[in-house]
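Student: Quick check, what structure comes out for this input:
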Amino acid sequence: MSKSVLIVGAGLGGLATALRLAKKGYTVEIIEKNNQAGGRLNQLKKDGFTFDTGPSFFSMSYEFTEFARDCKITLPFKYFELDPLYTVNFHQSSLKYHLYKNPHQLAEQFKATEPDFEIKFQKYLEKSKSLFHDTVDLVIKSNFDSILHYFLTLIKVNPVHLPVLFRSFWQQVSRHFTSDEARQILSLVAFFIGRTPFDTMAVYTLLSYTEFMHDGYYNVEGGMYEIVYGIVDELKKENVRITFNTEIRDYIPESRQLKYLVDSNNKKWSADIFVVNADAAVFRGRIFRRSQFSDNKLDQKEWTMGYLTIYLGVNCKLPDLQHHNYFLGNNYKEYATQVYKNPDMLEKPYYYVNVLSGSNPGCAPQDSESLFFVCPVPDLRFKPNWDDKDKIADSIIDDFSARIKKNIRPSIVSRTVFTPIDWQDQFNLHRGTGLGLSHKMFQIGGFRPKNYDEVFKNVFYVGASTIPGTGLPMVIISSKLAFERIEKYSSSLS
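Tutor: The predicted structure is shown next:
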C-alpha cells in the first residue's frame, strides 16, 4: 500500500517535490493558503495585462532539464535565453551598459573606464568557474545530517578557496577591477540573492560564472508562471489534488510523529508523511511553537531585504528597454549599506524594471507594455508603516520617466503596489523580507534550517528557506534533497 504525503504549500518546491513523489508511487495531496499555486513564483492578471509578481528569470536551466528527466516527463514549459542578460543605467549618465555574454562585446563598453576589461574579466571568470565546480556538487547538492557532517564535507573543498570565505563579494570583484562602473555592474548579482555586495560572501562570485559562461539567464514563453501551469498539469495526470484557501494554524502530535495538521477551520489533515513548503524557520516557530524559532529569535538572525514591487500597465510602447533593466544612483555603497534599515534612502531609489511584454507580447494589449518594478526597502522591523507606499511608488515612476526621457504617468492604465506588509501577509515571510534568511556563513549548509524536522521523524521541509537556499534552480535542487530524505525514511519503515 502506498504511503500518503501531505504537502503544505504549493510553491515551486512543494510542486516539484509532489511530482517526484507521485511518480514514485506515493499518494500525494497539497494544501495551499492562497487561491492559486506558485508561492512567490506567481502571476497577476489585471486590466488586460499579465505580470510576473516574483522571479522574472532563472539560471542553471539544466536543473529543470534534470528534474524533468527524473520525473520521466517532457519539460512542461518552453524557455529562451536572454542576451544581453540585463542593461544597467547610471544616474545622470546617458551611457547604458548591456551585459552581453560575449566577453569582447561586453568589454567594448568599458573602453573608457576599464581599458583592459576583457583580460581582467576572463581572469575573474576563471576564478568564479573554479569556485563553482569545486563547491556546487559537493556542498550545494548534498544533504547534511549534522554540523560535523557539514564540516567534514567542507574540508573536501580545494583549500585554495579558503581566503574567499573571509572576503565580501565587493572585495573579491575589487581585486580584479578598478573602475566603479565595472565593480558595481559585476557585483549587482549579489542583490539577486537578497543582500548587497558588501555583506554577501565572496564565494557567491561563482554566480558570475553561471551568468556569463556556464549557462546564462532564461525567461519562459508566456511568462514565468508557465512553469507553475506546466507542473500543475503534470500533477493532475498523477491525480494529485491541490486544495486552495487552506491555512495551517495548529498541529496534533503522537509520540515522535506528527499525526495531524489543523487548518484555520479546525479541519484535521492526516498523512503518513508531511512536507512543509512554507518558510522552514517561520513554520517551526508559528505552528510548532519551537522557542528557538520565536519571532524574537528570528529577529536576531540576518534576513534578506524587503521589497516594494510595482506592477504597471501602460498604453504605450517602450522599445528602448530590455527585458531586465537596472537603474542605479550615484551613491552605490552608501545606498547598499543603509537601505536595509534607513527609510530615508528611498528618496533616491535604486530599482529594477522588468518588461515582460517585450519578450512576451501576449502579456499586454496591443501597443502596450506590462512593467514590473522592484525596489529594495527596509523590512517591517525598520519600517513598519507603509501608508506612504504610493508616494514612494510615484517617486520611482517619476525617476524612471526622467531616465528614459518619456513621462509614462499619463499612459498608466493599471497600477498595483505591494509592500513588505503584503509579502508578509500573503506568504508568511518574516517581517516581509523578500527572500527569507540571508546566505551568510552561519546560515547556509549545515547551519540553515534543516530539511528534516528535529522532533517529528515524518516531517520534512523544502524550499528557499532550507537547504541549499534561494533561487528557482536552488529550489528544484531542494526538492531533490527532500525527496531523498523521504525515500530514506520510507525505506526504514519497510
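Student: Is the nearest residue to His149 once chain neighbours are set aside in a helix, a strand, or coil?
Tutor: Among residues not flanking His149 along the chain, Gly446 sits closest, at 6.7 Å (C-beta to C-beta, 6 or more residues apart in numbering). C-beta here means a position set from N, CA and C on the backbone, and glycine is covered the same way. The three-state assignment at Gly446 reads helix, by DSSP: H, G, I helix; E, B strand; the rest coil.
Student: Verify the stated contact: Gly446 with Asn143.
Tutor: No. In this structure, Gly446 is not within contact of Asn143 by C-beta atoms under 8 Å, at 9.8 Å.
Student: So if I had to pick from these two, which one is more boxed in?
Tutor: Each of Gly446 and Asn143 has its neighbours counted (other C-beta atoms under 10 Å); Gly446 has more, 21 against 18.
Student: Please give me every residue in contact with that one.
Tutor: 144, 146-147, 149-151 (C-beta atoms under 8 Å, 6 or more residues apart in numbering).
Student: Now render these as JSON lines, adding pLDDT, secondary structure and neighbour count.
Tutor: Output for these, formatted as JSON lines (pLDDT from 0 to 100; DSSP: H, G, I helix; E, B strand; the rest coil; neighbours: other C-beta atoms under 10 Å):
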{"residue": "Phe144", "pLDDT": "96", "secondary structure": "coil", "neighbour count": "21"}
{"residue": "Ser146", "pLDDT": "94", "secondary structure": "coil", "neighbour count": "10"}
{"residue": "Ile147", "pLDDT": "94", "secondary structure": "helix", "neighbour count": "11"}
{"residue": "His149", "pLDDT": "96", "secondary structure": "helix", "neighbour count": "14"}
{"residue": "Tyr150", "pLDDT": "95", "secondary structure": "helix", "neighbour count": "19"}
{"residue": "Phe151", "pLDDT": "94", "secondary structure": "helix", "neighbour count": "12"}
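Student: so where's the chain uncertain?
Tutor: Across the chain, the ranges flagged by pLDDT under 70 are 1, 346-348.
Student: Domain-wise, how is it divided?
Tutor: 4-79+222-300+439-493, 106-212, 306-427 (automatic domain parsing).
Student: possible to save the ones you listed as CSV with distance to His91?
Tutor: Below are the domains of the chain laid out as CSV (distance: least, C-beta to C-beta, whole Å):
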stretch, distance to His91
domain 4-79+222-300+439-493, 23
domain 106-212, 11
domain 306-427, 5
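Student: Ok, which of those domains comes nearest Phe90?
Tutor: Nearest to Phe90, of all those, is domain 306-427, at 5.4 Å by C-beta to C-beta.
Student: Thr200 is in contact with Val173, correct?
Tutor: No. The pair Val173 and Thr200 fails to qualify as a contact (C-beta under 8 Å) at a distance of 10.7 Å.
Student: Just list what the helix or strand where Asn296 lies packs against, helices and strands only.
Tutor: Using DSSP states H and E, Asn296 sits in helix 295-299. If contacts are counted by 3 or more C-beta pairs under 8 Å, 6 or more residues apart in numbering; DSSP states H and E, helix 295-299 sits against helix 280-286.
Student: Contacts for the helix it packs on, please.
Tutor: With C-beta under 8 Å, 6+ apart, helix 280-286 has contacts from 8, 276, 290, 292-295, 297-298, 301, 428-430, 436-437, 449-451, 453, 461, 463, 465-466.
Student: can you pull the contacts of the closest residue to Pro420 other than its chain neighbours?
Tutor: The shortest distance from Pro420 to any non-neighbouring residue, by C-beta to C-beta, 6+ apart, is to Gly432 (2.6 Å). Gly432 is in contact with 306, 379-380, 419-424, counting by C-beta under 8 Å, 6+ apart.
Student: What sits closest to Asp263 if chain neighbours are left out?
Tutor: Thr246 (5.2 Å).
Student: Assign the one you found to helix, strand or coil.
Tutor: Per three-state DSSP, the secondary structure class of Thr246 is coil.
Student: May I have the residues that are in contact with it?
Tutor: Contacts of Thr246 by C-beta under 8 Å, 6+ apart are 31-33, 263-264, 267.
Student: tell me what the helix or strand containing Arg69 is packed against?
Tutor: If you go by DSSP H and E, Arg69 is part of helix 61-70. On a contact count with 3+ C-beta pairs under 8 Å, 6+ apart, helix 61-70 meets helix 12-23, helix 472-493.
Student: Please pull up the helix or strand immediately following the first one.
Tutor: Helices and strands here follow DSSP H and E; after helix 12-23, the next one along the chain is strand 27-31.
Student: Touching the helix or strand following that next one from outside, list them.
Tutor: Next helix or strand after strand 27-31 toward the C-terminus (DSSP H and E): strand 43-46. For strand 43-46, contacts defined as C-beta under 8 Å, 6+ apart pick out 36, 50-53, 223-225, 228, 311, 313, 414, 416.
Student: got the buried residues for strand 43-46?
Tutor: For strand 43-46, the neighbour count (16 or more other C-beta atoms under 10 Å) marks 43-44 as buried.
Student: Could you list the paired strands of it along with their orientation?
Tutor: In the sheet, strand 43-46 lines up against strand 49-52 (antiparallel) (DSSP bridges).
Student: so where do the helices sit in the stretch 301-450 of the chain?
Tutor: 332-338, 356-359, 389-404, 420-427 (DSSP state H, counting those that start in this stretch).
Student: and the longest one with helix 420-427, angle?
Tutor: It stands for helix 389-404. 110 degrees (axes from the mean of the first three to the mean of the last three C-alpha atoms, to 10 degrees).
Student: who does helix 389-404 touch, helix- and strand-wise?
Tutor: Using 3+ C-beta pairs under 8 Å, 6+ apart as the test, helix 389-404 ends up in contact with strand 306-314, strand 324-328, strand 351-355, strand 369-377, strand 412-418.
Student: can you redo those as JSON lines with mean neighbour count?
Tutor: Listed next are the helices and strands packed on helix 389-404 as JSON lines, based on neighbours: other C-beta atoms under 10 Å:
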{"stretch": "strand 306-314", "mean neighbour count": "24"}
{"stretch": "strand 324-328", "mean neighbour count": "21"}
{"stretch": "strand 351-355", "mean neighbour count": "23"}
{"stretch": "strand 369-377", "mean neighbour count": "24"}
{"stretch": "strand 412-418", "mean neighbour count": "17"}
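Student: Those strands: which one's closest to Phe192?
Tutor: Here strand 351-355 is closest among the helices and strands packed on helix 389-404 (C-beta to C-beta), at 9.6 Å.
Student: which strands and helices sit next to the closest one?
Tutor: Against strand 351-355 (3+ C-beta pairs under 8 Å, 6+ apart) you get strand 324-328, strand 369-377, helix 389-404.
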